[in-house]
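**Q** Here is a sequence together with a model predicted from it:
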Amino acid sequence: MRKKNTAARTPSTATRPIPGAGRRVTSYDVALVAGVSQSAVSRCFKPDASISPATHAKVMQAAIILDYIPNAAARSLITRRSNLVAVIISNLANLYYPQVLSDLSQQIARQGKRLLLFTLEREADIGKVLNDVWQYQVDGAVVAAYLSDQQMAEFGRRDVPLVLFNRSPREHAVHAVLCDQGEAARLLVSRLAEAGHRQFAIIDGPGDSAVAQERKAGVLDRLFTLGLPAPIVVSGNYDYASGGRGLRKVIDRLGRVPDAVICGNDIMAIGCLDTARHQMGIQVPLQMSVAGFDALEASGWLSYDITTLRQPVQKMATDAVAMLGELMERRGGIAERRRYCSYLVEGSTARLTSEPQRFGLMAAA
């Protein structure tokens, strides 16, 4: 009598029960269904890893069947990289930052990493935020806020590559991309002075904003060089109300309407403009010129058309991430600072000369 074959048969992939039912699917489940090693699955989801087309196809098919999504946290334990890049900015920073964040996020994603955003009420609060940054074991950081020398040194001690965005590292050896805020302010004063403005006023940004202070210093420096009267300076907070409130303070202190008001950013310039036109009956720019910084989208609206200075923020964001990517790959190296220039957007809120090149000759006379 013929004996029955009782040897166990291995079920095919089609009839094999799908692993992972009722729990999170892992790379080991994918490997089992695909009939490959777990390391092969890992290589399939790692950019630029070496894997044969046939193996890749089997793994991708198994991943679709199981609805598998790679676990970034688990992968970071193997690679010792979190694939996270910290971006630190202040809530009171210039309002073009939504565009900057979008550009930074896109550039960071192209490097296979993700942006982890940390916001500050004020730049002086950064010490509290850094404690959170260290907990996430980020691969690098782009910081658009003031850092002390000790805080910058802490990035080096923890081996976290750092690029400053629109902040000058002074003497500390840190990579940075920044716009020359002082030069932009000097350019603006030059054009206004050439057009005949003599008595200036400044509605300043927050005291702990390095950008605001660099802009104010540039205005003061150029006015001093030209031998013009010292400006009336009042404090602001980068918000709409600061612009209107600041204009009233300027006029109270000066006793009259100034020739030109330079605001630390566009949102304050808009507040100043609305107060001048709609509450104080001041004709802009006939009686008083108003100018700002940053070329905020609203500054170009027909009802405002602010004279302002635009920074190449998209180029700066692209270069900042590229610089950080090089640091994360190679580490070390000589600290690099890339400086960019602003250009003047000639709106209808300021009387400007059409021949700015003549200014240098006049000043030298």
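**A** Thanks, I have the structure now. Residues are numbered from 1 along each chain as shown.

**Q** Under the pLDDT cut-off, which ranges of the stretch 151-300 of the chain? List them.
**A** The stretch 151-300 of the chain contains residues with pLDDT under 70 at 171.

**Q** Do a quick rundown of the strands in it.
**A** For the stretch 151-300 of the chain, the strands defined by DSSP state E, counting those that start in this stretch cover 162-165, 175-179, 200-204, 232-235, 260-263, 289-291.

**Q** got those strands as TSV, with distance to Ile126 columns?
**A** In short, each C-beta sits where N, CA and C put it, glycine included. Below are the strands of the stretch 151-300 of the chain laid out as TSV (distance: least, Cβ to Cβ, whole Å):
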stretch	distance to Ile126
strand 162-165	12
strand 175-179	16
strand 200-204	21
strand 232-235	21
strand 260-263	25
strand 289-291	30
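
**Q** among these, which is nearest Ala185?
**A** Ala185 lies closest to strand 260-263 among those, at 7.5 Å (Cβ to Cβ).

**Q** Within its sheet, name the partner strands of the closest one and how each one runs.
**A** With DSSP bridges as the test, strand 260-263 is paired with strand 200-204 (parallel), strand 289-291 (parallel).

**Q** Please export the C-alpha coordinates of it as PDB.
**A** What follows is strand 260-263 as a C-alpha-only set of coordinates in PDB (Å, rounded to 0.1, in the frame of the first residue of the first chain):
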ATOM      1  CA  ALA A 260      10.700 111.100   6.100                       C
ATOM      2  CA  VAL A 261       9.800 108.200   8.400                       C
ATOM      3  CA  ILE A 262      11.900 105.000   8.000                       C
ATOM      4  CA  CYS A 263      10.200 102.000   9.600                       C
END
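
**Q** Pull the distance from that strand to the chain's centre.
**A** Once both centres are worked out by Cα atoms, centre = their mean, to the nearest Å, strand 260-263 turns out to sit 25 Å from its chain's centre.

**Q** got it, and stretch 224-236?
**A** Going by Cα atoms, centre = their mean, where stretch 224-236 is centred and where its chain is centred differ by 30 Å.

**Q** and if you look at stretch 136-156?
**A** Relative to where its chain is centred, stretch 136-156 has its mean C-alpha point 14 Å off (Cα atoms, centre = their mean).

**Q** So which bits of that stretch are buried?
**A** In terms of neighbour count (16 or more other Cβ atoms under 10 Å), stretch 136-156 has its buried residues at 138-147, 151-152, 154-155.

**Q** now those residues in CSV, with secondary structure?
**A** Below are the buried residues of stretch 136-156 laid out as CSV (DSSP: H, G, I helix; E, B strand; the rest coil):
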residue, secondary structure
Val138, coil
Asp139, coil
Gly140, strand
Ala141, strand
Val142, strand
Val143, strand
Ala144, strand
Ala145, coil
Tyr146, coil
Leu147, coil
Gln151, helix
Met152, helix
Glu154, helix
Phe155, helix
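
**Q** ok, those residues vs Phe224, which is closest?
**A** Of these, the one sitting nearest to Phe224 (Cβ to Cβ) turns out to be Tyr146, at 25.2 Å.

**Q** Just confirm that closest one contacts Ala210, I think it does.
**A** Yes - here Tyr146 reaches Ala210: they are 5.0 Å apart, a contact under Cβ atoms under 8 Å.

**Q** Quick check: pLDDT value at the residue most central in space within the chain.
**A** Note on the chain: the residue nearest the mean C-alpha position is Val100, at 4.4 Å, using Cα atoms, centre = their mean. For Val100, the pLDDT comes out at 80.
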